[in-house]
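Trainee: next one to model:
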Amino acid sequence: MSDTLFRGFSAGDLPAGTSLHAGKARDIIDLGDRLLLTVTDRISAFDRVLTAIRSKGEILSRVSLWWFDRTRDVCPNHIIESLSARTTVVRKVKIIPAEVVVRGYLTGSAWRDYAAGRAVPGASLPAGMKKNQKFEAPVITPSTKEAVGHDEPVSGEELVRRGLVPAKVWLQVCEKALALFRRGAEIAASRGLILVDTKYEFGLAPDGGLVLADELHTPDSSRYWYANSYDEIFRAGGEQRQLDKEFFRSWLIARGFMGEGEAPEIPDSVREAVSQRYIEAFEAITGEKFTEKSLSFEAEREITQLYIVKTVKRGR
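Mentor: Modelled structure (predicted):
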């Protein structure tokens, strides 16, 4: 395994008084009006962090920046600057407590609900659809963002009714989410890919403006299929060739693990196979050959500490 494998910071790695929050995949350092986001190599499945995957954090960070750069005219985003291949400085915004899932195809949890005769929150779907069938137009199927437990799929109307999102803001969110998905689908198509579905997170800036936050069109937040084999596989009723981390979930499910109980031991061969999937995704999405740019843990800590000290001295 690479000596740049990065499992994350601890409070002792940062200057005294620094606020550190460790999420499933990212370490977040609060600097007042901005945040430092360091994407670690931790990988989660079924809401549990299970291991670390070489190059994963760097790939997710670089893919997000690649997409943020190509969608800034569609919606303002939270990026200020990049400190390293895995650490980014972003504007601090008030996150809207809703995960905005845009779907172009009937697959995943939406297909499972549809096939079981359950409603797909946020979508009105005709009878007789098949698994992995393309929608006439993309649909938004939001969910709540829960601090504890699983997010709850709900409709946009329910988000507004509960007071989680003002009606005017939700209309803006839907407009921007669909526009971002259209841009993403167009660029993905030029790369021979289908952007199947994705999730977006939005926040409000101090002036009330809507800002795109979190990650964007990464293999963790999005589902991609290869376009050249879609029609043939769909007609045959097979499983599409994909570029997300479903390989890792499938490996776990095959061993009886879906989030409950003890996770199976994950051998190096599986971790390396997952790493190669992320590299394949990076190259397919960006069209660039992947060359690792990650720093060692010590170098990453040093550049982060230096930025924090400089920011505190400037009073920002």
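
Trainee: and P267, how far from R42?
Mentor: Using Cβ to Cβ, to the nearest Å, P267 is found at 18 Å from R42. Any C-beta I mention is one placed from the backbone N, CA and C, and that applies to glycine too.

Trainee: who has more neighbours out of these two?
Mentor: R42 (21 against 9; other Cβ atoms under 10 Å).

Trainee: surely the more buried one meets G8?
Mentor: Yes - contact status for R42 versus G8: in contact at 6.3 Å, counting by Cβ atoms under 8 Å.

Trainee: quick one: strands adjacent to the longest strand anywhere in the chain?
Mentor: Identified as the longest strand of the chain according to DSSP state E is strand 193-204. Paired neighbours of strand 193-204 in the sheet (DSSP bridges): strand 94-95 (antiparallel), strand 98-105 (antiparallel), strand 210-213 (antiparallel), strand 222-226 (antiparallel).

Trainee: then it to PDB, C-alphas only?
Mentor: Taking C-alpha atoms only, strand 193-204 is exported to PDB below (Å, rounded to 0.1, in the frame of the first residue of the first chain):
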ATOM      1  CA  LEU A 193     -20.600   8.000 -20.000                       C
ATOM      2  CA  ILE A 194     -24.100   8.300 -18.700                       C
ATOM      3  CA  LEU A 195     -24.600  10.300 -15.500                       C
ATOM      4  CA  VAL A 196     -27.400   8.100 -14.100                       C
ATOM      5  CA  ASP A 197     -28.100   9.800 -10.800                       C
ATOM      6  CA  THR A 198     -26.400  12.000  -8.300                       C
ATOM      7  CA  LYS A 199     -26.800  13.900  -5.100                       C
ATOM      8  CA  TYR A 200     -26.300  17.600  -4.500                       C
ATOM      9  CA  GLU A 201     -26.000  19.600  -1.300                       C
ATOM     10  CA  PHE A 202     -26.700  23.400  -1.200                       C
ATOM     11  CA  GLY A 203     -26.200  26.100   1.300                       C
ATOM     12  CA  LEU A 204     -27.000  29.700   1.800                       C
END
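
Trainee: the chain should start at 40 in everything you say after this.
Mentor: Right, with 40 as the first residue, what we last looked at is strand 232-243.

Trainee: pLDDT of it, averaged?
Mentor: On average, the pLDDT along strand 232-243 is 97.

Trainee: check stretch 281-300 too.
Mentor: In the prediction, stretch 281-300 has an average pLDDT of 88.

Trainee: can you list the buried residues in it?
Mentor: Within stretch 281-300, the residues that count as buried by 16 or more other Cβ atoms under 10 Å are Q281, L282, D283, K284, E285, F287, W290, L291, F296.

Trainee: need the max-distance pair from the residues you listed.
Mentor: L282 and F296 (22.8 Å; Cβ to Cβ).

Trainee: tell me the contacts of the closest residue in space to D72 that isn't next to it in sequence?
Mentor: Once flanking residues are discounted, D72 sits nearest to K131: 5.5 Å by Cβ to Cβ, 6 or more residues apart in numbering. With contact taken as Cβ atoms under 8 Å, 6 or more residues apart in numbering, K131 is in contact with D69, L70, G71, D72, R73, L74.

Trainee: could I get those residues as JSON lines with pLDDT?
Mentor: Output for those, formatted as JSON lines (pLDDT from 0 to 100):
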{"residue": "D69", "pLDDT": "93"}
{"residue": "L70", "pLDDT": "92"}
{"residue": "G71", "pLDDT": "89"}
{"residue": "D72", "pLDDT": "91"}
{"residue": "R73", "pLDDT": "94"}
{"residue": "L74", "pLDDT": "96"}
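
Trainee: from those residues, pick the one nearest R340.
Mentor: For the contacts of K131, the nearest to R340 is L70 (15.9 Å; Cβ to Cβ).

Trainee: got a list of what Y317 touches?
Mentor: Contacts of Y317 (Cβ under 8 Å, 6+ apart): I92, S94, K95, I98, L99, P258, K284.

Trainee: any idea which of those residues is least confident?
Mentor: Ranking the contacts of Y317 by pLDDT, K284 lands last with 76.

Trainee: surely that residue and T257 touch.
Mentor: No - with contacts counted by Cβ under 8 Å, K284 stays clear of T257, the gap being 9.8 Å.

Trainee: ok now stretch 276-289, how far from the chain's centre?
Mentor: 16 Å (Cα atoms, centre = their mean, to the nearest Å).

Trainee: low-confidence ranges, this protein, go.
Mentor: Residue ranges of the chain with pLDDT under 70: 40-42, 185-189, 352-355.

Trainee: centre-most residue in it?
Mentor: The C-alpha lying nearest the average C-alpha coordinate of the chain belongs to S260 (Cα atoms, centre = their mean; 2.9 Å).

Trainee: look up how far E337 lies from it.
Mentor: On the measure of Cβ to Cβ, S260 and E337 end up 30 Å apart.

Trainee: please apply the same query to D270.
Mentor: 50 Å.
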